[in-house]
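Chemist: show me the folded form of this:
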Amino acid sequence: MEMSPESPTKSSALWKGKGKVVDDDFADLNPTITYRHVVQQNLGVRDPLRVISLCDSDAFYAQCEMNRLQVKKDKPLIVLQWEGIIAVNYPARAYGVSRFQKLKEAKERCPDMMIVHVATYKEGEAEPGYWDNIDSKTHKVSLDYYRRESAKILAMMKESLPSAEIEKASIDEAFIDLTKPVREALLQRYPYLAQPPPDAPNGLDTPLPPPPPPDWCSYSNIVPDHPNSADASSSSATDEHYTWHDIALSIAAEMMHNARTNIEAKVGYTTSAGIARNKFLAKLCASYKKPMSQSILRNNAIPSYLLPMEFQKIRFLGGKLGKALAEEYDVSTVQDLLPVSLEEIQAKFGENAIWVYDGIDRTEVKEKSIVNKSMLAAKSLQKPITKFEDGHHWIRVLAAELALRLNDARKADPRLWPKTLVLHASRSWQISRSKQAPFPFSREVNVDLIANAGNKLWKELIGSNPGPLKIGIISLAFTGVETAEEGQQNIDDFFRGGDSGRVSKRSRDVLPQSRGEPGDTQSLVNDSESCNSFFCIECAKDIFLPAKFLSPDVSHEEQIQALEMMKTEHSDFHFAQAVAREVEPDEPSLPKPSKKKKITKDGKKLPTGIEKFFTRQ
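Modeler: Numbering: from 1, shown residues only. As a prediction, this is how the structure comes out:
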């Protein structure tokens, strides 16, 4: 519910620090802001002056190729992965070209557009390249160039916003918590907010005086406060009720404009941004007007912006949950969901459905480690491997990708080294199987080093299982990528013997304990000849057969078959999670809702949940 400054809710009038978030927090769209809110640090996700931005690179893969080829900005261009279109720049979109079209149709719509295939690995080459006559039967797609360019943009963003918290959301997106630098700028521009006046009735808990009109500047798009407003700027110009959060948004817009300008000038990439009070809303308004723009979503504009929106476009609701809601209630927009009660949604979709009902995102912006704890190169084979010697071709191709990624990571920290090398293969006569071995430390990383180790695992994996060979998926992965301990030696020194040849305990410890990056296929590893369990690298734990399969009445063959079925289902589970992480970040953990109903003095029930969120008083 949106409240006026003269009638704040109890929860908004009292500052509660970083305590546990309850259902009432963030319920109103215009909380009272006090002097304490301005001077107190670490207010967390309940800070009424909180400002979050989502920065999104415009048509990122296409931009990368345009920069690499020095193509003019008005040249239509698409990026292919085999026969599929994975990126379309904005000049090509003007012709009606989209990622969902067939290549033939795209050519008909825009005959003059440039077509670029992503780089690929091929056997015998240490680096991916842009080859003629590429073939999915012998080549493997490489996204390494895009990862490197993404890292440049992220580094420039951190340089431009040193006191902000930045969380990489995907290869072309990042969330930025601007609350701290905005508060610093707020106190510099309005020093009288640093302490309450002598006659303040409640000291630091006294509400701030009315703010001046914010300077939105010409480089920002303001989402209209009213749904029938065609022009956002005119809507805002006639709105005389401003808040200090509006001032915070305007300061954040200035910071984001400067950062985006630096990125374009120094790295060569244009971006768009959304600025709002949480990650959920920043993500939504980032696409309000693209490309090369930034949009601001004021608190007052949230209801009119969300009500007509298709709720399946909302973060976390684009997958199975959103589809289930649409089918269950035959609805499509946020407004359609309003009549559905919280109790009914929770009865059908569980306690955590309160997130859907309230539409509130309480997740923090947290910087992620630049080092991936695992690195994986995988290939789904169009032509299955049917001969033992054919496996060496793909192992060498995969080894080239791992060598490149590990060397890129070691440029930032030369002490980085993986504990383990894992080979995984899916085949017809046995659903899947993996082998792993310690990866000894070496001063230099190259394709030969990794390929030789991979070939040994291939021999162990295939040689111990005679029979018809038909492998459709093969992968090679590093796990346990960490900073090596002091005293770790080169592999050549190890074989010379003596004290100098000792390998540290870290290099002998082969137990993987880390999660791969989004999109990686995880390996399931048999640590022993036992047929009642397998080790999952993703979970970092042993997965055991149910007790019913351990009965003496169950044959050894039946146990093996049951275990393979479990491995397949478990692998599918992690694959689904990986895809979800790539498309949509994990849902926030949510508190259980209060069961207490609120009643007015005349006996009427007060609106709750999303109904309260959209009701104006």
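Chemist: which residue ranges form the strands in the stretch 351-500 of the chain?
Modeler: Ranges of strands within the stretch 351-500 of the chain are 374-385, 416-417, 420-427, 432-438, 471-479, 482-483, based on DSSP state E, counting those that start in this stretch.
Chemist: neighbouring strands for the third one, and are they parallel or not?
Modeler: Same thing as strand 420-427. Strand 420-427 pairs in its sheet with strand 432-438 (antiparallel), strand 471-479 (antiparallel), by DSSP bridges.
Chemist: and those strands, which one averages the lowest pLDDT?
Modeler: Mean pLDDT is lowest for strand 432-438 among these, at a mean of 88.
Chemist: list the buried ones in it?
Modeler: 432, 433, 434, 435, 436, 438 (16 or more other C-beta atoms under 10 Å). C-betas here are computed from N, CA, C, even on glycine.
Chemist: how about those in CSV, adding distance to residue 173?
Modeler: As requested, the buried residues of strand 432-438 are arranged in CSV below (distance: C-beta to C-beta, whole Å):
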residue, distance to residue 173
432, 33
433, 36
434, 32
435, 36
436, 33
438, 36
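Chemist: returning to what we had before: I'd like the strands of the stretch 351-500 of the chain laid out as a markdown table, including distance to residue 278.
Modeler: Output for those, formatted as a markdown table (distance: least, C-beta to C-beta, whole Å):
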| stretch | distance to residue 278 |
| --- | --- |
| strand 374-385 | 31 |
| strand 416-417 | 35 |
| strand 420-427 | 39 |
| strand 432-438 | 41 |
| strand 471-479 | 35 |
| strand 482-483 | 34 |
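Chemist: helix, strand or coil for the closest residue to residue 173 other than its chain neighbours?
Modeler: If the residues on either side of it in the chain are set aside, residue 173 comes closest to residue 56, at 5.0 Å by C-beta to C-beta, 6 or more residues apart in numbering. Counting by DSSP: H, G, I helix; E, B strand; the rest coil, the backbone at residue 56 sits in strand.
Chemist: residue 291 now?
Modeler: Three-state assignment for residue 291 (three-state DSSP): coil.
Chemist: and it, what does it touch?
Modeler: By C-beta atoms under 8 Å, 6 or more residues apart in numbering, the residues touching residue 291 are 58, 59, 90, 270, 272.
Chemist: the last one in helix, strand or coil?
Modeler: In the three-state summary, residue 272 is assigned as strand, counting by three-state DSSP.
Chemist: ok, now how distant is the closest residue to it other than its chain neighbours from residue 270?
Modeler: Nearest residue to residue 272, sequence neighbours excluded (C-beta to C-beta, 6+ apart): residue 290, at 4.6 Å. For residue 290, the distance to residue 270 equals 10 Å [C-beta to C-beta, to the nearest Å].
Chemist: give me the common contacts of these two.
Modeler: Both residue 290 and residue 270 are in contact with residue 58, where contact means C-beta under 8 Å, 6+ apart.
Chemist: please save the CA atoms from stretch 70-88 in CSV.
Modeler: Presented in CSV, the C-alpha positions along stretch 70-88 are these (Å, rounded to 0.1, in the frame of the first residue of the first chain):
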residue,chain,number,x,y,z
GLN,A,70,35.4,-3.3,-36.9
VAL,A,71,31.9,-3.3,-38.5
LYS,A,72,30.0,0.0,-38.7
LYS,A,73,27.3,0.4,-36.1
ASP,A,74,24.5,0.6,-38.7
LYS,A,75,25.5,-2.7,-40.4
PRO,A,76,23.0,-5.5,-39.9
LEU,A,77,24.7,-8.6,-38.4
ILE,A,78,23.7,-11.9,-36.9
VAL,A,79,25.7,-14.5,-35.0
LEU,A,80,25.2,-18.2,-35.8
GLN,A,81,25.9,-21.4,-33.8
TRP,A,82,25.7,-24.0,-36.5
GLU,A,83,22.3,-23.3,-38.2
GLY,A,84,20.8,-21.5,-35.2
ILE,A,85,20.7,-17.7,-34.8
ILE,A,86,22.0,-16.8,-31.3
ALA,A,87,22.3,-13.0,-31.6
VAL,A,88,20.9,-10.3,-33.7
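Chemist: give me the residues contacting it.
Modeler: Everything outside stretch 70-88 that qualifies as a contact, by C-beta under 8 Å, 6+ apart, is 59-62, 65-66, 89, 91-92, 94-95, 97-103, 106, 110, 112-118, 136, 141.
Chemist: quick one, which of those are buried?
Modeler: Members of the contacts of stretch 70-88 classed as buried by 16+ other C-beta under 10 Å are 59-62, 65-66, 89, 91-92, 95, 97, 101, 106, 110, 113-114, 116-118, 136, 141.
Chemist: so for stretch 202-215, what's the average pLDDT?
Modeler: Mean predicted lDDT for stretch 202-215 stands at 94.
Chemist: who does the nearest residue to residue 413 once chain neighbours are set aside bridge with?
Modeler: Spatially, and ignoring its direct neighbours in sequence, residue 413 is nearest to residue 483 (6.3 Å; C-beta to C-beta, 6+ apart). Listed beta-bridge partners, residue 483: residue 416 (assigned using DSSP bridges).
Chemist: enumerate every residue touching residue 483.
Modeler: Residues counted as contacts of residue 483 (C-beta under 8 Å, 6+ apart) are 413, 415, 416, 417.
Chemist: residue 375 versus that one, what's the distance?
Modeler: 15 Å.
Chemist: what do you get for residue 298?
Modeler: 43 Å.
Chemist: next: residue 291.
Modeler: Per C-beta to C-beta, residue 291 is found 32 Å from residue 375.
Chemist: what do you get for residue 199?
Modeler: 63 Å.
Chemist: between the two, who's got more neighbours?
Modeler: Taking other C-beta atoms under 10 Å, residue 199 and residue 375 do not tie; residue 375 has more neighbours (22 against 6).
Chemist: which non-adjacent residue is nearest the more buried one?
Modeler: Per C-beta to C-beta, 6+ apart, closest to residue 375 is residue 478, 4.5 Å.
Chemist: determine which of the strands of the stretch 351-500 of the chain approaches residue 361 most closely.
Modeler: Nearest to residue 361 among the strands of the stretch 351-500 of the chain is strand 374-385; the distance by C-beta to C-beta comes to 28.5 Å.
Chemist: mind listing what's buried in that closest one?
Modeler: Quick answer for strand 374-385 (16+ other C-beta under 10 Å): 374, 375, 376, 377, 378, 379, 381, 385.
Chemist: likewise for stretch 263-277?
Modeler: Using 16+ other C-beta under 10 Å as the test for burial, stretch 263-277 gives 263, 267, 269, 270, 271, 272, 273, 274, 275, 276, 277.
Chemist: follow-up on the earlier one: in JSON lines, list the strands paired with strand 420-427 along with distance to residue 335.
Modeler: As requested, the strands paired with strand 420-427 are arranged in JSON lines below (distance: least, C-beta to C-beta, whole Å):
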{"stretch": "strand 432-438", "distance to residue 335": "47"}
{"stretch": "strand 471-479", "distance to residue 335": "45"}
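Chemist: so which of those strands comes closest to residue 214?
Modeler: strand 471-479 (49.7 Å).
Chemist: pLDDT weak spots in the stretch 201-350 of the chain?
Modeler: 227-240, 315-316, 318 (pLDDT under 70).
Chemist: which stretches of it form strands?
Modeler: Secondary structure of the stretch 201-350 of the chain (DSSP E, counting those that start in this stretch): strands at 220-222, 271-276, 294-296.
Chemist: same question for the stretch 1-150 of the chain.
Modeler: Under the criterion DSSP E, counting those that start in this stretch, strands of the stretch 1-150 of the chain are mapped to 52-57, 77-81, 84-88, 114-117, 120-121, 140-141.
Chemist: deepest-packed of those strands, please.
Modeler: strand 52-57 (a mean of 27; mean count of other C-beta atoms under 10 Å).
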